[in-house]
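> A predicted structure for the sequence below; I have some questions about it.
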Amino acid sequence: MTTPSAMPEFPIAAIATPVGVGALAIVRMSGNGVFEVADRVFQKKGKPDFSFRDAEGFSAHFGILSDSRGMVDEVIALLFRAPSSFTMEDMVEFTCHGGPVVVRHLLQALLEGGCRLAEPGEFTRRAFLNGRIDLLQAEAIGEMIHARTESAFRTAVTQMQGNLSRHLQEMRTGLLQSCAFLELELDFSEEGEEFQSREALRLEVQRLQSEISCLVDSYREGHLLTEGVATVIAGRPNAGKSTLLNALLGHERAIVSHMPGTTRDYIEECFIHEKTMFRLTDTAGLRAASEEVEHEGIRRSYSKISEADLILYMLDISAVSFTDEVASTRELRKRHPDARMIVVANKTDLAASGVGTIEQLKLEIGCAVVPMAAAKGEGLEELKSTMATMGEGLNKLHEASVLITSLRHYEALRNAVDSLQNALQLIDSAQPPELIAFELRAALDYVGEITGKVVSEELLNTIFAQFCIGK
Ligand SMILES: Nc1nc2c(ncn2[C@@H]2O[C@H](COP(=O)(O)OP(=O)(O)OP(=O)(O)O)[C@@H](O)[C@H]2O)c(=O)[nH]1
Ligand SMILES: [Mg+2]
């Protein structure tokens, strides 16, 4: 499974902390030969004979680090001996003062000393290739670093601890057992012996299929946790959509004007409320547009609506053409049954008969209706708390130990469910064991793709390319 680029022929080095000014920064290296490189560039204070080769693992040393032009900085060197390190290789980490130029010089010294610059995610990739973590855990590290909400963070931590990995491993063991029985039958085909009755096999495959299906279903909530709730503000021109976007964000992001058709292209911004992240999209108002640019804007509005987890349908209650708006919201709900919807009845300050109409709307549309005067910020808190109820459900979910959050895992598991479904059909139609075993093997491979038991070079490249250099 090792590859030319991942072969530990050269030690690798990279800056592990963000570029910029800070109190401290870390430059790390890993692989065969890091102690020799460290000896070339580092001089321990008061111990001229000190050598990393003789020092113990988990030891810290204070000294001067120099490149070819002289002293770079006073640093602390942390030494890790294989296999007790993040990558399971020999590692040295230097903590220096956190200036961008200092850090660059330090890295330069390590490159001159015999390291090569690490590729993105290469430290984590080595940790995976050397068997310290599986692919799921490696991805969880990436998700944890990028988590922007408490719940996304908790889910990543759970995944990093290996709960999902263990669950998948149990499934693989079950599948392997059934495969082994079927393959034994092939060896004893002349005797026509069954090592596991077809009924028992059927029950086992069914059990695994329903367990995997549960995981597949958890993706809907899981991806909302990590990627945020895709929330689209839609409605007719001039309803006050851009005013609402600005009010939720707390700053003037979108242009607001009394001219209908102001917003042409959609605008996306993140908004975090009560631990949940919402990806807000303000869209062009929906109407029969005569002009080409607006027409394209409206096409994009519909496309965003079709990807939404939550639709905030906004209407101007002071001008509401009641039957038209009821028809529009019903149509949207019919077309997007999976998305949740909140109707925002805006401009209550202008509508004398507002309250009556809102009650009517609730009855006619059958979903949450929040009255609002967006321009004054009235109703904003009620809307936020209605949005948060969706978030609350999500925040409870992270306590459930296994949850699918990545599209890659979702697709692999869906393929596994399909293969198991094929296997069930073959069992029911009394097909020969080799055909059934073939489908079980396929399911086994799909599940194995997730943890990295079965994995291609291309897949690894795609996964680790998303990491930063130094991780
Ligand atoms: N009276 C009143 N006016 C509002 C309220 N909310 C927004 N408006 C006004 O309504 C007009 C349209 O607001 P926008 O936020 O631009 O509306 P929009 O839905 O984004 O419009 P398009 O981008 O054209 O689709 C502006 O003049 C706003 O000041 C409100 O609660 N009360
Ligand atoms: Mg607008």
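Thanks, I have it. Ligands and ions are numbered 1, 2, ... in the order given.
> Tell me which helix or strand comes right after the longest strand anywhere in the chain.
In the chain, ranked by residue count with DSSP state E as the criterion, the top strand is strand 70-80. Next helix or strand after strand 70-80 toward the C-terminus (DSSP states H and E): strand 91-98.
> That following strand pairs with which strands?
Note on strand 91-98: by DSSP bridges, its sheet partners are strand 22-30 (antiparallel), strand 70-80 (antiparallel).
> Give me the contacts around the longest one.
So the one you mean is strand 70-80. 35, 38, 42, 52, 55-66, 86, 90-97, 102, 105-106, 109 (CB atoms under 8 Å, 6 or more residues apart in numbering). Any C-beta I mention is one placed from the backbone N, CA and C, and that applies to glycine too.
> Now the buried members of the residues you listed.
Those of those that meet the buried threshold are 35, 38, 42, 52, 55, 61, 63, 65-66, 86, 90-97, 102, 105-106, 109, by 16 or more other CB atoms under 10 Å.
> you'd agree residue 332 is up against residue 286?
No: Residue 332 is beyond contact range of residue 286, at 9.2 Å (criterion: CB atoms under 8 Å).
> Mind pulling the model confidence for whichever residue of the stretch 301-450 of the chain sits closest to ligand 2?
Proximity of the stretch 301-450 of the chain to ligand 2 (CB to the ion) peaks at residue 314, 9.8 Å away. At residue 314, the model reports a pLDDT of 95.
> That one is in what secondary structure piece?
Going by DSSP H and E, residue 314 is in strand 310-316.
> re earlier: now do the buried residues in the longest strand of the chain.
72, 73, 75, 77, 78, 79, 80.
> quick check, nearest of those residues to ligand 1?
Using CB to the nearest ligand atom, the shortest approach to ligand 1 within these belongs to residue 73, at 53.3 Å.
> Would you mind measuring from the closest residue in space to that closest one that isn't next to it in sequence to residue 53?
Nearest non-adjacent residue to residue 73, counting by CB to CB, 6 or more residues apart in numbering: residue 96, 4.5 Å away. Distance of residue 96 to residue 53, computed by CB to CB, to the nearest Å: 22 Å.
> Spell out which residues of the stretch 51-200 of the chain are next to ligand 2.
By CB under 5 Å from the ion, no residue of the stretch 51-200 of the chain approaches ligand 2.
> is any part of the helix or strand of the chain with the lowest mean pLDDT close to ligand 1?
Within the chain, judged by mean pLDDT, DSSP states H and E, the helix or strand with the poorest mean is helix 354-365; its value is a mean of 76. No: counting by CB under 6 Å from any ligand atom, ligand 1 has no neighbours in helix 354-365; the shortest distance is 11.0 Å.
> Report the angle between that helix and strand 310-316.
140 degrees (axes from the mean of the first three to the mean of the last three CA atoms, to 10 degrees).
> which strands and helices sit next to helix 354-365?
In terms of contacts (3 or more CB pairs under 8 Å, 6 or more residues apart in numbering; DSSP states H and E), helix 354-365 is packed against helix 322-335, strand 340-346, strand 368-371.
> For the stretch 151-300 of the chain, what lies in contact range of ligand 1?
237-243, 256-258, 260-263, 284-285.
> Next, the contact list for residue 181, please.
Counted by CB under 8 Å, 6+ apart, residue 181 has contacts 195, 196, 201.
> My reading is that it lies in a helix. Confirm?
Yes: assessed by DSSP: H, G, I helix; E, B strand; the rest coil, residue 181 belongs to a helix.
> And the average pLDDT for the longest strand of the chain is what?
Strand 70-80 shows a mean pLDDT of 97.
> same question, stretch 426-446
Rounded mean pLDDT across stretch 426-446 is 93.
> helix, strand or coil for residue 43?
strand.
> Who does it form a beta bridge with?
residue 64.
> Around it, how many other residues sit close by?
14 (other CB atoms under 10 Å).
> Next: the one 5 residues further on.
Taking other CB under 10 Å as the criterion, the count of residues near residue 48 is 7.
> Verify the assumption that it is located in a helix.
No: per three-state DSSP, residue 48 lies outside any helix segment and is coil.
> For ligand 2, see how far away it is.
Residue 48 sits 70 Å away from ligand 2, going by CB to the ion, to the nearest Å.
> Pull out the buried positions in stretch 120-131.
Result for stretch 120-131 [16+ other CB under 10 Å]: buried residues 120, 121, 122, 123, 124, 125, 126, 127, 128, 129, 130.
> Could I get the phi/psi values of the first one?
Think residue 120. Backbone geometry at residue 120, expressed as degrees, to the nearest 10, gives phi -60, psi 130.
> For it, give me the pLDDT.
In this model, residue 120 carries a pLDDT of 92.
> Identify the bridge partners of it.
residue 469.
> Quick check: it touching residue 471?
Yes: here residue 120 reaches residue 471: they are 7.5 Å apart, a contact under CB under 8 Å.
> Give me the spatial nearest neighbour of the residue in the stretch 251-400 of the chain positioned nearest to ligand 1, chain neighbours excluded.
As assessed by CB to the nearest ligand atom, ligand 1 sits closest to residue 285 within the stretch 251-400 of the chain, at 2.7 Å. Of all residues not flanking residue 285 in the chain, residue 237 sits nearest, at 3.0 Å (CB to CB, 6+ apart).
> Can you report how many residues lie near that neighbour?
Residues near residue 237, counting by other CB under 10 Å: 18.
> and residue 200, how many neighbours?
Neighbours around residue 200, by other CB under 10 Å: 13.
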